[in-house]
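Engineer: Attaching a predicted model along with its sequence, questions to come.
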Amino acid sequence: MSKQPERIFIKGNEAIARGALAARCKCFFGYPITPQNDIPEFMSSEIIKAGGDFVQAESEVAAANMLLGAGAAGIRAMTSSSSPGMSLKQEAISYMAGSEIPAVIVNMNRGGPGLGDIGPAQGDYYQSTRGGGHGDYRHFTFGPGTVQEAYDLTIRAFDIAFEHRTPVLILGDAILGQMKEPITPWVPEGVDDEAGRDWAITGRTNARETAREKRLIKSLFLGEGELAGQNRHLQAKYDAWTDMAECEQFETEDAELIICAYGSIGRIAKSTVRAFRKQGKKVGLFRPITLYPFPSADLKKLAQAGKRFLTIEHNLGQMVDDVRLAIRTVADSDFFPIYPGNLPTPDELEAPILACLEGK
Amino acid sequence: MTEMQEKLVFSRPESVIDRPTHYCPGCHHGIAHRLVGELLDEMNLAENSLLVASIGCSVFLYNYLDVDAVEAPHGRAPAVATGVKRARPDNFVFTYQGDGDLASIGMAEIMHAANRGEKICVVFVNNTVYGMTGGQMAPTTLIGQKTTTTPAGRCITHEGAPIRMAEIIASLGGVAYAARGSLDSVKNISAAKKHLRKAFDCQLNATGFGFVELLSGCPTNWKMTPVQANERLQNEMIPYFPLGVFKDISEEGGIC
Amino acid sequence: MSRIEVREDRCKGCLLCTTVCPVDIIVQSDRFNVSGYKVVEVPEELKAKCTGCASCAMICPDIAITVYKTPRKKGGK
Ligand SMILES: Cc1ncc(C[n+]2csc(CCOP(=O)(O)OP(=O)(O)O)c2C)c(N)n1
Ligand code: SF4
Ligand code: SF4
Ligand code: SF4
Ligand SMILES: [Mg+2]
């Protein structure tokens, strides 16, 4: 990969759009919803300039199904939305998981339930990590915490989508989307625009191919034992992702208390941890970067080293389940919720962390 | 009697795979499949075609046509086809959908794909019921028609009136061709094939969206013999769903 | 003589073909195929009447009918 030297100062939303273009995304399907509108707005002109295509769909349902079609055709494609729109996309995501169609989906999480608000929140964690639609499936999920990371992970999302034939979700929030930061853009080398050539529907006269059998991409398995076989196959694929889990650990080595937080909250918690460190307090941060697969093994090591844990989320307690599952045989985690609708600040996090430290 | 060499004048089109179908006796899906297959052969499209299959009795169409195919969620085939076509504009892309799929759950997707003028073709099989799920009321169910969810017959004040899709689609800007045919008789089957050919041509000439509605029998859920079902189609369906071409921009001088 | 071949394993006995034959020669046989459908046939004595018009094949939903046409030379009977 060749790093381009220049720095640019952009919002998280734009970083995701630019990352997608750097990754040679060729189709974008959008629908307006705050706080992600910068992405389709940027794409509506830029992806066309890059030789791709943009459709403002009639709904998130349609956008996700357009994505399904483009992915089945073996093309790098993307959609973005925010929470209410994500509920509508789940049907297609379930079909994409079931029929193993690669695609990149962005959710700039806003407050819910229902119409909620347009501010940041992390209430879609369960939906994003459990397979938010029907059936038993998972998809790869990234939880970027900075604008640079949003750019980098978007590029990686396309590679993972095609390598593992899966939808990949990038879960941000209104903070990440609207926050401006300097980033160093880069363009990956050697992107294979026809990565789906072995399985995608291309028509049989595709110039690169010789005559071949017809191809079929589907999620319906009615034959004796077929669906069980498919589920076994999918589960094995998800299990193999375990080793791909990633996290950031900040000041964890000598920490007594580890804050577990992801995305924007992880980033805010990092500032709080820094402030505590200045006071000589032994606090560290564990920030999952992949939310599925969850970095359980790293977390468990910390638990085995005798650390205590406090999970902080911008919801009423969702990722804390994964934290507790990861460390369940050795330790437990406290939980502090920031209610969706409230804006979190580094100061706000101080009191619960202090209480936890002193409650020893 | 002086005779010449005999000629094969009718046989299975190559694009239709040689295997028995799962359809009930007399179900018109088989005829619709065959017409599509004949055109894929005659227009030399099979190798370049991408089929977007829908959910309904025709869900297994992808096992019967010898083309690359993807399964769409119920009603979403026009959106999936939009994605396929935008991704691979040089391929011939078509959907095949039932009336529950297209005119009920998928109403938004069909309207907007048509209105955007997506360069795709839609084969729409209207049999006035949800066939696959056991004969419930469809948006096309005729007034008075008994179904498993309108046991006393569809009532206009309670369930509304049957939707005439070909006319609605014809009213949209991006549509190049919209027609309604019927599969009840040899004459109508021939006419239906002509409609399909025109709709396919619209995609090949990139003039716009092509739509063909095919009035079809579902003897099983109509609780009739196939022969009676054809009589119903002629006596009750065609009077409500008139046959013909509702839009053809090639006749209007085309677009630039 | 024009003729049709009915693929008995594919025929579902729907009888639609019997309603469109202009010379009315297709009838239900008394044979059941492996799927349990009572298949149609053209009785031996009616075979010569087939015109090879392919109407039966056009309406058959199961592509069970193949049609062979033998054009008659001018002056033929
Ligand atoms: C989201 C969703 N809702 C409902 C169904 C159940 N379902 C399967 S087929 C079908 C109706 C099919 O009717 P139609 O489109 O008219 O096709 P036909 O079987 O009559 O050819 C329904 C409702 C489904 N598969 N998915
Ligand atoms: S239920 Fe109706 S539509 Fe479905 S296969 Fe049988 S006849 Fe055809
Ligand atoms: S080809 Fe024509 S004449 Fe011959 S059996 Fe069929 S319908 Fe009758
Ligand atoms: S139309 Fe076809 S399936 Fe029906 S009875 Fe005739 S040959 Fe058999
Ligand atoms: Mg139907």
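Structural biologist: Thanks, I have the structure now. Ligands and ions are numbered 1, 2, ... in the order given.

Engineer: And the strands in the stretch 51-200 of chain B?
Structural biologist: With DSSP state E, counting those that start in this stretch as the criterion, the stretch 51-200 of chain B has strands at B:68-71, B:92-98, B:121-126, B:129-130, B:136-137, B:175-182.

Engineer: in which helix or strand would I find the nearest residue to A:Pro102 once chain neighbours are set aside?
Structural biologist: Closest residue in space to A:Pro102, ignoring its immediate chain neighbours: A:Ala161 at 3.7 Å, by CB to CB, 6 or more residues apart in numbering or on different chains. C-betas here are computed from N, CA, C, even on glycine. Taking DSSP states H and E as the criterion, A:Ala161 maps to helix A:147-164.

Engineer: Reformat the strands of the stretch 51-200 of chain B as CSV; add mean neighbour count, mean pLDDT and distance to A:Gly132.
Structural biologist: Converted to CSV, those look like this (neighbours: other CB atoms under 10 Å in any protein chain shown; pLDDT from 0 to 100; distance: least, CB to CB, whole Å):
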stretch, mean neighbour count, mean pLDDT, distance to A:Gly132
strand B:68-71, 27, 98, 20
strand B:92-98, 28, 98, 26
strand B:121-126, 28, 98, 30
strand B:129-130, 26, 98, 27
strand B:136-137, 19, 98, 28
strand B:175-182, 26, 98, 35
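
Engineer: got these as JSON lines, with distance to ligand 4 columns?
Structural biologist: Below are the strands of the stretch 51-200 of chain B laid out as JSON lines (distance: least, CB to the nearest ligand atom, whole Å):
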{"stretch": "strand B:68-71", "distance to ligand 4": "25"}
{"stretch": "strand B:92-98", "distance to ligand 4": "21"}
{"stretch": "strand B:121-126", "distance to ligand 4": "18"}
{"stretch": "strand B:129-130", "distance to ligand 4": "21"}
{"stretch": "strand B:136-137", "distance to ligand 4": "26"}
{"stretch": "strand B:175-182", "distance to ligand 4": "17"}
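
Engineer: Could you give the number of residues near the closest residue to chain B within chain A?
Structural biologist: Nearest residue of chain A to chain B, counting by CB to the nearest CB: A:Gly69, 2.7 Å away. Using other CB atoms under 10 Å in any protein chain shown, A:Gly69 has 35 neighbouring residues.

Engineer: Return the backbone torsion pair for the residue nearest to A:Arg308 when sequence neighbours are not counted.
Structural biologist: In this structure, A:Arg308 finds its nearest non-sequential neighbour in A:Leu257, 5.1 Å apart by CB to CB, 6+ apart. Note on A:Leu257: its backbone torsions stand at phi -120, psi 130 [degrees, to the nearest 10].

Engineer: Bridge partners for A:Leu257, pull those for me.
Structural biologist: Assessed by DSSP bridges, A:Leu257 has beta-bridge partners A:Val283, A:Arg308.

Engineer: and the gap between it and B:Gly131?
Structural biologist: The gap separating A:Leu257 from B:Gly131 is 62 Å, by CB to CB, to the nearest Å.

Engineer: Neighbour count for these two, which is higher?
Structural biologist: For A:Leu257 versus B:Gly131, the count of surrounding residues by other CB under 10 Å is larger for B:Gly131: 26 against 21.

Engineer: can you pull the contacts of the more buried one?
Structural biologist: Neighbour list for B:Gly131: B:Cys27, B:Gly56, B:Cys57, B:Gly98, B:Cys218, B:Thr220, B:Asn221 [criterion: CB atoms under 8 Å, 6 or more residues apart in numbering or on different chains].

Engineer: again with C:Val40
Structural biologist: So C:Val40 contacts C:Val6, C:Cys11, C:Gly13, C:Leu15, C:Cys17, C:Thr18, C:Ile26, C:Val27, C:Gln28, C:Ser29 (CB under 8 Å, 6+ apart).

Engineer: And for A:Gly132?
Structural biologist: Listed by CB under 8 Å, 6+ apart, the contact partners of A:Gly132 are A:Met86, A:Ser87, A:Gln90, A:Ile93, A:Asp124, A:Tyr126.

Engineer: go again using 10 Å as the cut-off
Structural biologist: By CB atoms under 10 Å, 6 or more residues apart in numbering or on different chains, the contact set of A:Gly132 is A:86-87, A:89-91, A:93-94, A:97, A:107, A:124, A:126, A:139, A:169.

Engineer: B:Asn48 too?
Structural biologist: Counting by CB under 10 Å, 6+ apart, B:Asn48 touches A:202-206, B:40, B:67-68, B:88, B:90-93, B:204.

Engineer: Up against ligand 4, what does the stretch 151-300 of chain A have?
Structural biologist: Taking CB under 6 Å from any ligand atom, no part of the stretch 151-300 of chain A reaches ligand 4.
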